[in-house]
Each structure stands twice: as C-alpha cells, then as structure tokens.
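Visitor: sequence isn't available, so here's the structure alone:
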C-alpha cells in the first residue's frame, strides 16, 4: 500500500475509533490526495505515526505517549508551508 493511501486509511479509522476531529480528517485527506503536498516522505511518515498515536485525551493524566490534535495540526501546517 502506498504511504499516502495508508495515511488516508489510518486517518479515517482514527476518526471513527478515536474521535480524530473531522477538521483534521479533512486536511489529512487533502494531503493524501495531493502528491505535491505529500511529496516530503519524512513528514508524511511523521504524520502517519502521529495519527496512529492520536488520543483525544493526550496531555491529560497517564496518556504520555499519545499525540494531541494540536501536534497533528502543527505537522499539517509544516506540510503546507505554514510552520
């Protein structure tokens, strides 16, 4: 499976199972469908890892390894040249 396809599939799954916000899902799917935005393989891999580790309760209590929506948004911004 191509990396961008895996990114889209993982984002959809996390949206359904872990409450990944719809706004992030939309941005992730835009990146996954645009090879120009997804050309930096290292950032795509980082984003994929972050999505896999997403937890809506990240930063609260014992969820130290979880990734928050804010962290994912920062990576998306970097991919779009905003960060």
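Guide: Looks like it came in fine. Not measured: the values here are computed from a predicted model.

Visitor: could you point out which element follows the longest helix along the chain?
Guide: Longest helix in the chain by number of residues, with DSSP state H as the criterion: helix 3-18. Next along the chain after helix 3-18, taking DSSP states H and E as the criterion, comes helix 22-33.

Visitor: what residues of the helix or strand following that following helix count as buried?
Guide: Helices and strands here follow DSSP H and E; after helix 22-33, the next one along the chain is helix 41-52. Within helix 41-52, the residues scored as buried using 16 or more other Cβ atoms under 10 Å are 43, 44, 46, 47, 48, 50, 51. Backbone N, C-alpha and C define where each C-beta goes, glycine included.

Visitor: low-confidence ranges, this protein, go.
Guide: Counting by pLDDT under 70, the low-confidence segments of the chain come to 1, 59-64, 83.

Visitor: what would the buried residues of helix 41-52 look like in TSV with distance to residue 29?
Guide: Supplementary listing: the buried residues of helix 41-52 in TSV, determined by distance: Cβ to Cβ, whole Å:
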residue	distance to residue 29
43	16
44	13
46	17
47	12
48	13
50	15
51	11
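
Visitor: ok, which pair from those is furthest apart?
Guide: The most widely separated members of these, counting by Cβ to Cβ, are 43 and 51 (12.4 Å).

Visitor: next, the angle from the longest helix of the chain to helix 41-52.
Guide: 20 degrees (axes from the mean of the first three to the mean of the last three Cα atoms, to 10 degrees).

Visitor: tell me which other helices or strands helix 3-18 touches.
Guide: When contacts are defined as 3 or more Cβ pairs under 8 Å, 6 or more residues apart in numbering; DSSP states H and E, helix 3-18 sits against helix 22-33, helix 41-52.
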